[in-house]
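Peer 1: With the input below, show me the fold.
(chains A and B)
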Protein chains: 2
Amino acid sequence: MGRVPASFLGELFRVSSAPGVISFAGGLPGSAHIDLPGLFEATETVFAEEGRAALQYTTTDGYLPLREFIAGRYRRRLGLPARSEEIQIVNGSQQCLDLVAKIFLDPGDAVVMERPGYLGAIEAFSLYEPTFHGIPLMSGGPDLDVLARVVREHAPKFFYGIPNSQNPSGRTYSEEARRGVAAILEGTGTVFYEDDAFGDLFFDGRPRPPVKRYLPDQGIMSGSFSKIVAPGMRIGWIYAPEPILREFNVAKQAADLHSNFLCQMILHRYLLANDLDAHVARVAAVYGRQCQLMCDLLDDLMPAGASHTTPEGGMFLTVDLPHGASAMDVFHGGVREGVAVLPGVPFYVDGGGDDVIRLNFSAVGEEEIEEGVRRLARVVRR
Amino acid sequence: MGRVPASFLGELFRVSSAPGVISFAGGLPGSAHIDLPGLFEATETVFAEEGRAALQYTTTDGYLPLREFIAGRYRRRLGLPARSEEIQIVNGSQQCLDLVAKIFLDPGDAVVMERPGYLGAIEAFSLYEPTFHGIPLMSGGPDLDVLARVVREHAPKFFYGIPNSQNPSGRTYSEEARRGVAAILEGTGTVFYEDDAFGDLFFDGRPRPPVKRYLPDQGIMSGSFSKIVAPGMRIGWIYAPEPILREFNVAKQAADLHSNFLCQMILHRYLLANDLDAHVARVAAVYGRQCQLMCDLLDDLMPAGASHTTPEGGMFLTVDLPHGASAMDVFHGGVREGVAVLPGVPFYVDGGGDDVIRLNFSAVGEEEIEEGVRRLARVVRR
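Peer 2: Okay, here's the model as predicted:
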């Protein structure tokens, strides 16, 4: 535990929820998109039709009809030959991070991360004391030359990546990069752990082919209803080859027996009664407009030397600050000016990141984006 | 992961749910005691009054009003000076097992367990590769001479015990044993991890003083709504000194960010609107009658040489089989005869247990207990 990086998330939560602060620092989906009436109707149905069974213990793998729904959606949307036996329900995809690390890692084992990488993953993996290897994440995907060298020299247990609208950068792998990652890993002992939290949230509504399509036996995918239905239920899943899933299941049972059964049933009823694809398309379109507005304002207002990524989907982008500006200074200055951002340092497992900040555009309306970017530009100029 | 004992729980779940089988093997509270209308009313209130906030992300420590309720109940029922800052919500008390092990244990560290011990704890701790030391659990509590020697010689990180109606044995520590455990541990580096899953379920309705009362700064307690309200919501808690809780919080955040927020709110509303103490007293009285019936039938029907524990509360008892009988044979014979029991071997971290079976009396009605013990006695006689 002593080697865990100090957690920024709790601190940020406090700063970001102070009155008058416009927060680009969080990672919340927009509350307005949570379908409260639809979820209540599903809840009524579960209480009426399932009764006490929904409130009892159940099996570790999760509610079978929900797992069948998830497997069916992989087949239909992404052309993956998923079966319910390859799906296990977890407490949001964060729990996959912990349990995958638990079954794969002994202290000192090599793990490959994107650079910058997802903070929640860095925190979860750190508890298992691996050696991190950062692969630069560029606009089209990870640097394949560096990846090939690290895989060859360090035989990592897995490469954890977010090919779709990555957190924090908002970047998406090109199809060429997906094939390239698969080609490098194929036949090695390295698994690709494909976190697909944002694959539903492409602004153009078009799914991208998962790396697992090109690497079926070495590919683990995780997904979550947090970003597309409601985070508070903490229902996510892992999709993995059965030999991996068997070990994962033992770890899940030891961790908490099973995920909340009531909410698994509510979600399943909700998904039967509502068109998830249409709902997600509406949400993604809103996020797309918010992202576009934020990008336009950054272009207009930020000082020369600043640049930003241009996401095709998801909830985040990163800003490279002008030469000499410090992300921690911008963070502290932002708190005083009433705008919260996430400084980049904790995303870099091997140093760096003090010239980068992450901005969230999903949890803020257009007026907040306008005013928040204005405040941010003032802070950066100073 | 390779060192994890093969899981009996999944296997047992399949055997026990086969048609026609009377199961004494499970660990379910009686479904009839789940207050479906009360929980639905609480759910309606949460949807109406909290709205989308109940379905968003929240803080890792859990819903403050629920933590205040739990702290208040410790103060009122058990005379412990609990504050909400010392309470953290988890996914059932099983998650405490995983996270306490995660923050305390490096491979090879010594852990003290009761002998027999709780299977879920053995499975959870095993993933962290400790060295287990079993302390014989007798009718009045653990063998204090053995405990003192193990603490002196092995400096264990913690002693995990269930002083109230232990799982599997149903045994309860005497007050003398509680003070004795505290006296041995006080001032050492060994924490007492007091799993209090069953402290509400004493048949006489009288709370017993927790060990933590005598060992405030070295005492961790875990509790759960699974046995007293509903297991399917997976809401439990840890009550620990703040320095321990801070590390626990980091581990919880890495594990799954936070527990299901909707169900935390539903539970809290339910607890405000209903008298938990009265509900629990009714449940415990029913379990007491079921336990008494099972004990009487075992006395009448089991062959000479068999004996059983006589619980004061909880959901389980153990039977010592007559000399020469094997618990695994009784398990397999029981499957053929239509009665499922839990063989004792996995409860013994250092060998033994093949002359012991665990029986559950909470999830079975009186007719099932009558017929099930008859079948079991036939198997044991054979």
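
Peer 1: A:Thr59 - how many residues pack around it?
Peer 2: 18 (other CB atoms under 10 Å in any protein chain shown). Bear in mind the C-beta positions are built from the backbone N, C-alpha and C, glycine included.

Peer 1: What of A:Phe192?
Peer 2: Neighbours of A:Phe192 using other CB under 10 Å come to 25.

Peer 1: Report the beta-bridge partner residues of it.
Peer 2: Beta bridges link A:Phe192 to A:Phe159, A:Gly219, judged by DSSP bridges.

Peer 1: For the stretch 251-382 of chain A, which residues are neighbours of chain B?
Peer 2: A:Ala251, A:Gln253, A:Ala254, A:Ala255, A:Asp256, A:Leu257, A:His258, A:Ser259, A:Asn260, A:Phe261, A:Leu262, A:Cys263 (CB under 8 Å from any CB of the partner chain).

Peer 1: CSV please, covering these and showing distance to A:Asp200 and pLDDT.
Peer 2: Shown next, in CSV, are these (distance: CB to CB, whole Å; pLDDT from 0 to 100):
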residue, distance to A:Asp200, pLDDT
A:Ala251, 27, 95
A:Gln253, 29, 93
A:Ala254, 31, 93
A:Ala255, 26, 96
A:Asp256, 26, 95
A:Leu257, 29, 93
A:His258, 25, 95
A:Ser259, 20, 96
A:Asn260, 22, 96
A:Phe261, 24, 97
A:Leu262, 24, 97
A:Cys263, 19, 97
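
Peer 1: so which of the residues you listed would you say is closest to A:Glu123?
Peer 2: Nearest to A:Glu123 among these is A:Ala255, at 16.3 Å by CB to CB.

Peer 1: and that closest one, what is it in contact with?
Peer 2: Neighbouring residues of A:Ala255 by CB atoms under 8 Å, 6 or more residues apart in numbering or on different chains: A:Gln95, A:Asp98, A:Leu99, A:Lys102, B:Asn91, B:Gln94, B:Gln95, B:Asp98, B:Ala124, B:Ala255.

Peer 1: ok, now with 10 Å
Peer 2: A:60, A:90-91, A:95, A:98-99, A:102, B:91, B:94-95, B:97-99, B:102, B:124, B:127, B:255-256 (CB atoms under 10 Å, 6 or more residues apart in numbering or on different chains).

Peer 1: and it, what helix or strand is that in?
Peer 2: For A:Ala255, the host element (DSSP states H and E) is helix A:242-256.

Peer 1: Go through whatever helix or strand comes next after that helix and flag the buried ones.
Peer 2: Downstream of helix A:242-256, the first helix or strand assigned by DSSP H and E is helix A:261-273. Neighbour-count burial for helix A:261-273 flags A:Phe261, A:Leu262, A:Cys263, A:Gln264, A:Met265, A:Ile266, A:Leu267, A:His268, A:Arg269, A:Tyr270, A:Leu271 (criterion: 16 or more other CB atoms under 10 Å in any protein chain shown).

Peer 1: dump the residue contacts of A:Tyr287.
Peer 2: Counting by CB under 10 Å, 6+ apart, A:Tyr287 has contacts A:29-30, A:33, A:165, A:198, A:201-203, A:227, A:311, A:313-315, A:361-363.

Peer 1: Now the two most distant members of these.
Peer 2: Pairwise over the contacts of A:Tyr287, using CB to CB, the maximum falls at A:Phe202 and A:Ala363, 18.6 Å.

Peer 1: by contact count, what packs against the longest strand seen in chain A?
Peer 2: In chain A, assigned by DSSP state E, the strand with the most residues is strand A:131-138. Under the contact criterion of 3 or more CB pairs under 10 Å, 6 or more residues apart in numbering or on different chains; DSSP states H and E, strand A:131-138 touches strand A:110-115, helix A:119-126, strand A:141-142, helix A:144-154, strand A:158-161, helix A:175-185.

Peer 1: Adjacent strands (with direction) for that strand?
Peer 2: Paired neighbours of strand A:131-138 in the sheet (DSSP bridges): strand A:110-115 (parallel), strand A:141-142 (antiparallel).

Peer 1: Can you check which of those strands gets nearest to A:Gly180?
Peer 2: Using CB to CB, the nearest of the strands paired with strand A:131-138 to A:Gly180 is strand A:141-142, at 7.4 Å.

Peer 1: Help me confirm that A:Ile235 comes into contact with A:Lys227.
Peer 2: No: A:Ile235 is beyond contact range of A:Lys227, at 11.7 Å (criterion: CB atoms under 10 Å).

Peer 1: so can I have TSV of the helices and strands packed on strand A:131-138 showing mean neighbour count?
Peer 2: Below are the helices and strands packed on strand A:131-138 laid out as TSV (neighbours: other CB atoms under 10 Å in any protein chain shown):
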stretch	mean neighbour count
strand A:110-115	25
helix A:119-126	23
strand A:141-142	25
helix A:144-154	16
strand A:158-161	26
helix A:175-185	19
